[in-house]
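A.B. asks: compute the structure for the input listed below.
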Amino acid sequence: MKYHVSFDIDFRRNPYKGRYIAVEGIDGSGKSTQAEKLKEYFEEKRKKVLLTHEPTRKPPIGDLIHNVIQGNIKLPASSFQYLFAADREVHSKTTIEPFLEQGKIIITDRCFWSSVAYGILDKSDKLNGSEILLVAQSILSMYHQFIIPDFTFYIKISEEAAVKRLAKMDKKQEYYETLEKLKKIKEGYDWLAKKFSNEIITINGEQSVEKVTADIIKIYDLRFKN
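C.D. replies: Alright, predicted model coming up:
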């Protein structure tokens with residue numbers, strides 16, 4: 001027996017005086033570099049700013065997640081999603097909300113959007129278009145109680161460009177860093193950027209580092225008139 005299921009999702013908006021910025025993208029997109037550049041930009045303006053990451057690097061949950069990503073531990077995809085949700089709950093309550101309440105700028109290298117892109121990857125071989133939407137809604141339903149970023153910048157590059165960049169990095173290849181997986185994750189991000197165009201701003205990540213930073217800052221400043 002098949003059942004048709006659908007529902008609407010709204011997000012919790014930032015009620016605090018601080019500002020919340022997320023930088024998203026596939027591995028190798030330059031998102032971490034851009035998060036650092038944004039931090040430097042705000043520090044030069046003498047703003048109180050915190051750069052953070054999701055998943056966190058904190059024990060016990062963050063450590064476990066990174067062990068899975070690095071291939072040291074194997075878990076079912078559904079279990080992995082619950083770990084991400086638990087890690088974000090702790091991060092939200094202990095770091096993000098308190099700092100926003102203090103009026104600080106939070107820059108996060110990934111947020112809950114990435115769970116959708118990566119979660120779709122884990123099931124994409126078995127799903128059609130409507131089922132992908134249902135999976136995305138299911139994952140997002142874990143996060144509707146969390147504050148959505150004021151800005152989410154999606155640094156978009158091709159999977160081929162990402163693989164070339166990753167090959168130059170002095171680090172062990174992680175589970176999601178193959179060409180095939182990056183292609184599917186990118187498709188997930190592209191779907192999100194189209195579906196939630198009011199929430200996600202797409203930036204051309206194949207430009208120079210400086211041009212990508214300038215594009216992000218221009219969009220931010222147009223809104224907040226810093």
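A.B. asks: thought Leu38 was touching Asp109?
C.D. replies: No: if you go by CB atoms under 8 Å, Leu38 and Asp109 don't touch, sitting 10.0 Å apart. Every residue, glycine included, has its C-beta placed from N, CA and C.
A.B. asks: how many other residues sit next to Lys47?
C.D. replies: A count of neighbours around Lys47, defined by other CB atoms under 10 Å, yields 14.
A.B. asks: report the contact partners of it.
C.D. replies: By CB atoms under 8 Å, 6 or more residues apart in numbering, the residues touching Lys47 are 104-105.
A.B. asks: identify the residues contacting stretch 203-221?
C.D. replies: 21, 25, 29-31, 33-34, 37-38, 41, 151, 153-158, 161, 201, 226.
A.B. asks: filter those residues down to just the buried residues.
C.D. replies: Among the contacts of stretch 203-221, those buried by neighbour count (16 or more other CB atoms under 10 Å) are 21, 25, 29-31, 33-34, 37-38, 41, 151, 153-158, 161, 201.
A.B. asks: just the ones of those in strands?
C.D. replies: Members of the buried ones among the contacts of stretch 203-221 lying in strands (criterion: DSSP state E): 21, 151, 153-156, 201.
A.B. asks: buried residues of stretch 200-220, list them for me.
C.D. replies: For stretch 200-220, by 16+ other CB under 10 Å, it's 200-203, 205, 212-213, 215-216, 220.
A.B. asks: tell me where this structure has helices.
C.D. replies: Assigned by DSSP state H, the chain shows helices spanning 31-44, 61-69, 77-91, 97-101, 113-123, 129-140, 159-167, 179-195, 209-224.
A.B. asks: ok, for Ile157, nearest residue in space, not its chain neighbours?
C.D. replies: Leaving aside its chain neighbours, Ile157 sits nearest to Gly205 (4.1 Å; criterion: CB to CB, 6 or more residues apart in numbering).
A.B. asks: what pLDDT does the one you found get?
C.D. replies: Here the pLDDT value assigned to Gly205 is 97.
A.B. asks: from Asp10, how far out is it?
C.D. replies: 29 Å (CB to CB, to the nearest Å).
A.B. asks: picking up where we left off before, of all the helices of the chain, which gets the most neighbours per residue?
C.D. replies: helix 113-123 (a mean of 22; mean count of other CB atoms under 10 Å).
A.B. asks: helices and strands around that one, which ones?
C.D. replies: Secondary structure elements in contact with helix 113-123, counted by 3 or more CB pairs under 8 Å, 6 or more residues apart in numbering; DSSP states H and E, are strand 19-24, helix 77-91, helix 129-140, helix 179-195.
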